[in-house]
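Student: next comes the sequence, and after it the predicted model I'd like to discuss.
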Amino acid sequence: MTTLPAPAPEALAVSTTLAQKIADEIAAAGGWIPFSHYMECALYAPGLGYYAAGSRKFGEAGDFVTAPELSPFFAACLARQLAELLPQTNGVIYEFGAGTGRLAADLLAELKALGVTPTAYRIVDLSPDLIERQRETLAEHLSKVEWLTELPAEIDGVVIGNEVLDAMPCELVHWTGTGALQRGVVVENGAFAFDDRPITDKRLAELAERYDPRLPGYVSEISLANRGFVRELAARLARGAIVLIDYGFSEREYYLPERRMGTLIGHYRHHTVHDPFYLPGLMDLTSHVDFTAVAETGIEAGLDLIGYLNQAQFLVNCGLSELLTRLDVTDTVPYAKAVSAVQKLMSPAEMGELFKVIAFGRGVSIDWLGFIDGDRCHTL
């Protein structure tokens with residue numbers, strides 16, 4: 001059994017405080033809360049949740065590494081797609097969940113090199129800690145960058161979200177073979193535990209019936225939050241584009257018989273943790289994205305579904321091969337490091353296949369550089 005790194009005393013104190021807060025909320029709710037409520041508290045409770053407190057999350061010293069942190073070529077490719085779209089709008093970029101600000105900084109630099117300067121770069125983020133880090137990373141670009149704490153009433157521009165959908169609270173459903181139950185959280189003997197109850201939410205019940213794998217003991221996720229997010233973006237998008245990049249599957253892959261325990265996992269110091277109750281507030285919780293649900297929601301909301309493909313193909317379509325010629329092959333160590341990072345972005349065994357790109361448009365061209373080849377919309 002892998003021994004996980006021990007948290008610092010001050011970090012453990014934060015986790016203990018958050019655990020008590022969640023326990024108090026469970027008691028106030030009558031002894032049971034949906035798992036989505038637990039996940040929301042663990043990730044976003046003000047001053048205590050994983051994304052709302054001061055723990056280091058990204059990079060080698062954190063809990064996971066994202067594509068923008070791995071290689072500037074990720075942003076360079078995405079910039080080529082944005083350069084095609086921004087002139088068709090009022091030129092504003094909206095980024096949700098900007099992490100350290102690395103993607104924003106690299107995009108702004110690459111777009112400037114391409115001769116396409118955004119009129120503004122607006123970051124929507126709820127984490128005071130991450131916003132502070134973003135300000136540091138974006139010090140050279142502050143004249144262009146604004147921070148928002150909520151969605152603007154109307155969007156005319158390009159919306160991007162890298163690894164945003166996976167961090168939204170999900171519902172857990174247990175299919176028993178004779179029906180579906182909603183998995184929630186209780187306190188037993190001073191510790192958090194799962195407890196199943198009948199589903200009372202009409203929409204969740206409908207989806208549970210649709211996805212029923214007819215396998216007793218099957219547990220998986222249904223994200224009402226992902227659907228709500230896409231629906232809200234669509235309602236506010238007057239003109240422009242939405243580009244979402246995340247790990248996940250189509251519906252038919254998501255609910256395969258062999259995936260009978262779902263996709264919910266925790267990330268802690270580059271370790272995968274299967275106990276969602278481990279050190280609340282110090283561990284990231286995430287579930288894979290059902291891209292069929294995302295696509296259907298966008299289409300139902302009146303958006304044009306532009307394309308859906310894996311990250312590797314998107315990067316190739318956006319000119320990764322040409323961009324790699326920038327590397328200095330004579331500078332051996334940096335060259336090897338850069339190539340290794342790109343391999344992680346592209347490899348089917350790493351991020352190339354598991355990560356997908358899905359895009360929607362309204363009032364802009366439906367022919368996009370990033371989806372010129374390898375589109376998989378037919379698999380959704």
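Tutor: Good, I have the coordinates. Values in this document were obtained by computation on a predicted structure and should not be read as measured data.
Student: can you pull up the bridge partners for residue 197?
Tutor: Per DSSP bridges, the residues bridged to residue 197 are residue 182.
Student: for residue 246, same thing?
Tutor: Beta-bridge partners, per DSSP bridges, of residue 246: residue 356.
Student: can you tell me which residues contact it?
Tutor: The contact partners of residue 246, taken as Cβ atoms under 8 Å, 6 or more residues apart in numbering, are 161, 162, 163, 164, 165, 166, 289, 355, 356. In this view, the C-beta of every residue, glycine as well, is placed from N, C-alpha and C.
Student: buried ones in stretch 115-134?
Tutor: 116, 118, 121-127, 129-130, 133-134 (16 or more other Cβ atoms under 10 Å).
Student: quick one: average pLDDT of that stretch?
Tutor: Model confidence over stretch 115-134 averages 92 on the pLDDT scale.
Student: gap between the two ends of it?
Tutor: Stretch 115-134 has its terminal residues 24 Å apart, counting by Cα to Cα, to the nearest Å.
Student: contacts for it?
Tutor: Contacts for stretch 115-134 (Cβ under 8 Å, 6+ apart): 44, 51-54, 57, 82-83, 86-87, 90-101, 104, 107-108, 111, 141, 144-152, 157.
Student: how about the buried residues of stretch 115-134 in CSV, adding distance to residue 380?
Tutor: CSV is the format used below for these (distance: Cβ to Cβ, whole Å):
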residue, distance to residue 380
116, 30
118, 30
121, 30
122, 29
123, 29
124, 26
125, 29
126, 30
127, 31
129, 36
130, 32
133, 35
134, 33
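Student: so which of those are in helices?
Tutor: Assignment to helices by DSSP state H places the following of those there: 129, 130, 133, 134.
Student: spatially, which two of the residues you listed are the most separated?
Tutor: Using Cβ to Cβ, these span at most 9.8 Å, a distance reached by 129 and 134.
Student: residues near residue 9, how many?
Tutor: When counting by other Cβ atoms under 10 Å, one arrives at 7 neighbours for residue 9.
Student: quick revisit: out of the contacts of stretch 115-134, which are buried?
Tutor: Among the contacts of stretch 115-134, those buried by neighbour count (16+ other Cβ under 10 Å) are 44, 51-53, 57, 82-83, 86, 91-101, 104, 107-108, 111, 141, 144-145, 151, 157.
Student: just the ones in strands from those, please.
Tutor: 92, 93, 94, 95, 96, 145, 157 (DSSP state E).
Student: the last one bridge partners, please.
Tutor: Going back to what we said before, that points to residue 157. Beta bridges link residue 157 to residue 92, residue 240, judged by DSSP bridges.
Student: ok, it - contacts?
Tutor: 86, 89, 90, 91, 92, 93, 94, 118, 240.
Student: so how far is residue 311 from the fifth one?
Tutor: Distance from residue 92 to residue 311, counting by Cβ to Cβ, to the nearest Å: 25 Å.
Student: what of the third one?
Tutor: Counting by Cβ to Cβ, the separation of residue 90 from residue 311 is 28 Å.
Student: what's the answer for residue 152, then?
Tutor: Applying Cβ to Cβ, the value for residue 152 to residue 311 is 28 Å.
Student: re the thing from before, of the contacts of residue 157, closest to residue 204?
Tutor: Distance to residue 204, by Cβ to Cβ, is smallest for residue 94 among the contacts of residue 157, at 28.9 Å.
Student: run a quick check on that closest one versus residue 154, I expect a contact.
Tutor: No - counting by Cβ atoms under 8 Å, residue 94 stays clear of residue 154, with 11.3 Å between them.
Student: the spatially most distant residue from the centre of the chain: what secondary structure?
Tutor: Most distant from the centre of the chain: residue 330, at 36.8 Å, with distances by Cα atoms, centre = their mean. Assigned by DSSP: H, G, I helix; E, B strand; the rest coil, the conformation of residue 330 is coil.
Student: looking at it now. What's its pLDDT?
Tutor: Per-residue pLDDT puts residue 330 at 86.
Student: give the buried residues for the helix ranked longest in the chain.
Tutor: In the chain, assigned by DSSP H, the helix with the most residues is helix 9-28. Using 16+ other Cβ under 10 Å as the test for burial, helix 9-28 gives 11, 14, 15, 17, 18, 19, 21, 22, 23, 26.
Student: the helices in the stretch 251-380 of the chain, which residues?
Tutor: Taking DSSP state H, counting those that start in this stretch, the helices of the stretch 251-380 of the chain run over residues 251-254, 291-300, 311-317, 320-323, 332-346.
Student: buried ones in the longest one, by neighbour count?
Tutor: So that's helix 332-346. Within helix 332-346, the residues that count as buried by 16+ other Cβ under 10 Å are 338, 341, 342, 345, 346.
Student: now those as TSV including pLDDT and distance to residue 377?
Tutor: Below are the buried residues of helix 332-346 laid out as TSV (pLDDT from 0 to 100; distance: Cβ to Cβ, whole Å):
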residue	pLDDT	distance to residue 377
338	93	32
341	95	29
342	95	26
345	96	22
346	96	21
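Student: now render the contacts of residue 157 as JSON lines, adding distance to residue 261.
Tutor: Converted to JSON lines, those look like this (distance: Cβ to Cβ, whole Å):
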{"residue": "86", "distance to residue 261": "42"}
{"residue": "89", "distance to residue 261": "42"}
{"residue": "90", "distance to residue 261": "46"}
{"residue": "91", "distance to residue 261": "45"}
{"residue": "92", "distance to residue 261": "42"}
{"residue": "93", "distance to residue 261": "38"}
{"residue": "94", "distance to residue 261": "35"}
{"residue": "118", "distance to residue 261": "43"}
{"residue": "240", "distance to residue 261": "39"}
